[in-house]
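J.: Need a 3D model of the sequence below.
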Amino acid sequence: MNLSINKEFQDLIPPLSAEELVGLEQSILSDGCREPLIVWNNMIIDGHHRYTICYKHNIPFETRQIKGLDSELDVKLWMINNQFSRRNLSTAIRLDLAYRFKEFEAEKANARMQATQFKELDVTASLLVGSPEKELEQANNPKGKTLEIIAQKAGVSRSTAEQYDAIQRKGTEEQKEEVAAGKSSIKKVYTQIQKAKKPQKDKTVYWVKGRFTNVVQQHITSIYDLLADCKDLIDIYHWLRNSSLGDNENFLAPVYKIQNQKTLITKTLNQLSELIDDFEILINQCKNLVLIEAKKDKKFAKQYEKYYSN
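T.: This is a model prediction of the structure:
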């Protein structure tokens with residue numbers, strides 16, 4: 001069976017890594033294509049890699065039509081939701097998909113609003129929460145509630161979503177590519193951007209930053225990187241997902257627990273990072289008060305300089 005490939009649909013899905021692709025091909029060669037390819041209007045919307053492998057080796061496969069999708073926008077929204085439910089994606093990829101999801105939602109809300117312009121609407125309809133105008137307003141809102149929705153969709157904290165948003169708006173193309181490829185953590189690149197935009201200030205004000213806060217934040221970033229590099233656990237999941245263990249609850253249960261634990265640790269790290277930043281602000285406020293007092297009292301100023309010269 002020859003199926004059509006929509007380039008937009010195909011590019012929407014994050015490609016498998018080389019290791020994942022090899023594992024999938026070996027699984028199909030050994031056991032055949034066990035899962036049906038999902039199609040819409042004869043176009044593949046789930047199973048592009050399986051289709052390529054089956055076509056290459058002349059391996060039979062089954063298809064399943066998805067109903068209830070009226071437009072390509074509906075298809076794209078379905079595809080993103082499907083990826084969230086099926087694959088163990090990195091935080092950066094999940095956030096990228098969540099952003100695209102909101103863009104497609106905004107586009108769909110816009111189309112609905114335009115459609116209503118040609119119909120007579122009840123005056124009270126615009127006051128309803130689910131009205132097209134309300135949906136468009138919420139979907140197009142780049143801050144506030146939208147970031148919170150994106151964070152929930154991607155399964156990350158609000159802080160991580162804000163950091164990713166800052167990278168997309170203020171980061172260099174190289175920094176964006178590093179995050180997308182998993183070469184650098186979101187926290188690490190965000191910290192680089194924040195440091196680059198800070199003006200040079202009195203070194204004494206940043207004594208705490210050099211002696212405490214910076215050290216703690218470096219450790220937090222290191223833990224982020226270690227969590228992102230848990231390739232042994234991720235590889236176990238992907239390599240064995242298509243084997244008989246994929247239906248074994250004794251295998252799936254600890255896998256889900258691992259993912260939940262990683263999510264909990266990440267959330268805790270985000271909270272710790274925010275608390276450390278707040279702690280630094282409070283200490284620097286105290287430092288600034290000390291500097292003001294030092295300017296007023298010469299005796300105090302001498303003691304201050306003597307203390308920091310040691």
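J.: where exactly do the strands run in the protein?
T.: Per DSSP state E, the chain carries strands over the ranges 37-40, 43-46, 63-65.
J.: Touching, Leu12 and Ile80? I think so.
T.: Yes. Contact criterion C-beta atoms under 8 Å: Leu12 and Ile80 qualify, at 7.2 Å. (C-beta placed from N, C-alpha, C; glycine too.)
J.: that older thread, out of the strands of the chain, which one sits most buried?
T.: strand 43-46 (a mean of 21; mean count of other C-beta atoms under 10 Å).
J.: low-confidence ranges in the stretch 1-150 of the chain?
T.: 1, 86-87, 114-145 (pLDDT under 70).
J.: neighbours of Gln163, just the number please.
T.: Gln163 sits with 24 neighbouring residues when counted by other C-beta atoms under 10 Å.
J.: hang on, it packs against Gln192?
T.: No. Gln163 is beyond contact range of Gln192, at 11.1 Å (criterion: C-beta under 8 Å).
J.: could I get the strands of the chain as TSV with distance to Gln218?
T.: Shown next, in TSV, are these (distance: least, C-beta to C-beta, whole Å):
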stretch	distance to Gln218
strand 37-40	45
strand 43-46	41
strand 63-65	49
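J.: now for those strands, which one comes closest to Lys267?
T.: Among the strands of the chain, the nearest to Lys267 by C-beta to C-beta is strand 43-46 (29.7 Å).
J.: what's the offset of the closest one from the middle of its chain?
T.: On the basis of C-alpha atoms, centre = their mean, to the nearest Å, strand 43-46 sits 24 Å off its chain's mean C-alpha point.
J.: what sits opposite the closest residue in space to Leu3 that isn't next to it in sequence in the beta ladder?
T.: Spatial nearest neighbour of Leu3, chain neighbours left out: Ile44 (5.3 Å); criterion: C-beta to C-beta, 6 or more residues apart in numbering. Beta-bridge partners recorded for Ile44 (DSSP bridges): Val39.
J.: Now do Ile44 against Ala253, distance only.
T.: Counting by C-beta to C-beta, to the nearest Å, the gap from Ile44 to Ala253 is 32 Å.
J.: How about Pro60?
T.: Distance, Pro60 to Ala253, by C-beta to C-beta: 33 Å.
J.: So which bits of stretch 269-284 are buried?
T.: Neighbour counts over stretch 269-284 (16 or more other C-beta atoms under 10 Å) mark Leu269, Asn270, Ser273, Ile276, Glu280, Ile283, Asn284 as buried.
J.: how about those residues, which pair is most distant?
T.: Farthest pair in these (C-beta to C-beta) is Leu269 and Asn284. Separation: 22.5 Å.
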